[in-house]
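[1] what's the 3D shape of this:
(one chain, ligands or ions: 1)
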Amino acid sequence: MSYLCFTMIIHAVKKKVAITERVFDPCPDCGRSNAIDITIYQRYYRLFWIPFFPLGKTGETVCLNCDKEYKSKKLTGSLKLAYENLKRQTPVPKYLYSGLILVLVLIPVMIYMSMNGRAEKHQLISTPQLNDVYKVQLPNRKYALYKVAEIKGDTVFVRKSNKEAAKLFGISALDNKGDSSFFRGKIPFLKKDLQSMNEQGDIFSIDRE
Ligand SMILES: [Zn+2]
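    Numbering: from 1, shown residues only. Just a heads-up that it's a prediction; the model follows:
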């Protein structure tokens, strides 16, 4: 599949017939009355098979008797009037706003989930328990696990995983390998330092058994 085909599937400007109406006015070419069809098309932007938002309207004016097709911009007199009226009066189908509405609904949901996730981590850090496992980004920008090994007052002692991952998705491979996957030495953190790591986005998740 070519790149062009591929991007056309992902997003494209499409058009659909909005309305077709027969007009009584005679065809300027063959003179037959009641033979001209005006079709109004609604153009819209489509992304991943979802109509995202409507664009402008276009039209087609054809005589069914002599097959003459009139360019919309070159219409004159009563035909032009009929075309303009039909174009103006044809409503935009509401479902063509589907993608836009979906995004407008999804954005607040995602913001809410992100805030909720952060609040949940805040809660887990405030009340640490032995064997909590934090997925963290280290100052060297690599990823590792911290496992809570001891809690004394406001200080949380963690054991760091003996492997680091260069990418966030690599961190899952470090997961759940038992105690032998962690250094024996304990690193002390104040709870408030863990909280500021969380606020800076350096703690991605906390697993509690
Ligand atoms: Zn005609």
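
[2] residue closest to the middle of this protein?
    Val103 (6.3 Å; Cα atoms, centre = their mean).

[3] OK, contacts around that residue?
    Listed by Cβ atoms under 8 Å, 6 or more residues apart in numbering, Val103 has no contact partners. To be clear about C-beta, it is placed using only N, CA and C from the backbone, and glycine gets the same treatment.

[4] how close does it sit to Ile50?
    As judged by Cβ to Cβ, to the nearest Å, Val103 and Ile50 stand 10 Å apart.

[5] try Arg88
    From Arg88 to Ile50 the distance is 27 Å (Cβ to Cβ).

[6] comparing the two, which residue is more hemmed in?
    Ile50 (15 against 9; other Cβ atoms under 10 Å).

[7] buried residues in stretch 184-191?
    Phe189 (16 or more other Cβ atoms under 10 Å).

[8] and the longest helix that the chain contains, which residues are buried?
    Using DSSP state H, we find that the single longest helix of the chain is helix 98-126. For helix 98-126, a neighbour-count test (16+ other Cβ under 10 Å) marks Ser98, Gly99, Leu100, Lys121, Leu124, Ile125 as buried.

[9] can I get stretch 29-36 in CSV? Just the C-alpha atoms.
    Coordinates of each C-alpha in stretch 29-36 appear next as CSV, following Å, rounded to 0.1, in the frame of the first residue of the first chain:
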residue,chain,number,x,y,z
ASP,A,29,-29.5,24.2,-23.5
CYS,A,30,-32.4,22.0,-24.7
GLY,A,31,-35.3,24.0,-23.4
ARG,A,32,-37.0,21.0,-21.6
SER,A,33,-38.8,22.0,-18.3
ASN,A,34,-38.8,20.0,-15.1
ALA,A,35,-35.6,18.1,-16.2
ILE,A,36,-32.9,19.7,-14.2
